[in-house]
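>>> Provided below for reference: sequence and predicted model.
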Amino acid sequence: MLKEFREFAMKGNVVDLAVGVIIGAAFGAIVNSLVADVIMPIIGAITGGLDFSNYFIPLSKTVNAGNLADAKKQGAVLAYGSFLTITLNFLIVAFVMFMIIRLMNKLKRKQEAAPAAPTKPTAEVELLTEIRDLLKKA
């Protein structure tokens, strides 16, 4: 059973998948940093420092806090601002991913469209071509 597991784990597809997951996690961290540290501050500056993450509706009469963290400690709240922030983050990440994949597809199409350099026929093909031409003349 151990030998069978080792063969399974060392198959090319499993190793490729593992590498993809690790790179995906690292890429996810990069994109999240891009969103949190670059894009969201710009959006905050444009909207006058608007931060949706603290928007909530208290569902209990005991909740009277001004920020979400304290309000959650006091009782049940509907944190719609957090949902809006995460949805906005998702849309930004999805757009960034779309642009990267679009760029990759464009580069791939350019490589496919590039004409291949004409290859010189092999000596055997040249000899067969000469024989064919001689037979046509005869």
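Right, received. Where do you want to start? Numbering: from 1, shown residues only.
>>> rest of the way, CA atoms for contacts and neighbours
Noted.
>>> spatially central residue for this structure, please.
residue 97 (4.3 Å; Cα atoms, centre = their mean).
>>> what's the single longest helix in this structure?
helix 80-113 (DSSP state H).
>>> list the buried ones in that helix?
81, 82, 85, 89, 92, 93 (16 or more other Cα atoms under 10 Å).
>>> contacting residues for the residue nearest to the fifth one when sequence neighbours are not counted?
Closest residue in space to residue 92, ignoring its immediate chain neighbours: residue 35 at 7.0 Å, by Cα to Cα, 6 or more residues apart in numbering. Counting by Cα atoms under 8 Å, 6 or more residues apart in numbering, residue 35 makes contact with 89, 92, 93.
>>> as JSON lines, the residues you listed with distance to residue 43 and pLDDT would be great.
Output for the contacts of residue 35, formatted as JSON lines (distance: Cα to Cα, whole Å; pLDDT from 0 to 100):
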{"residue": "89", "distance to residue 43": "11", "pLDDT": "77"}
{"residue": "92", "distance to residue 43": "11", "pLDDT": "79"}
{"residue": "93", "distance to residue 43": "14", "pLDDT": "77"}
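>>> helices or strands next to the helix or strand containing residue 29 in the packing?
Assessed by DSSP states H and E, residue 29 sits inside helix 12-33. Secondary-structure packing of helix 12-33 (3 or more Cα pairs under 8 Å, 6 or more residues apart in numbering; DSSP states H and E): helix 80-113.
>>> and the angle from the helix it packs on to helix 12-33?
Counting by axes from the mean of the first three to the mean of the last three Cα atoms, to 10 degrees, helix 80-113 lies at 130 degrees to helix 12-33.
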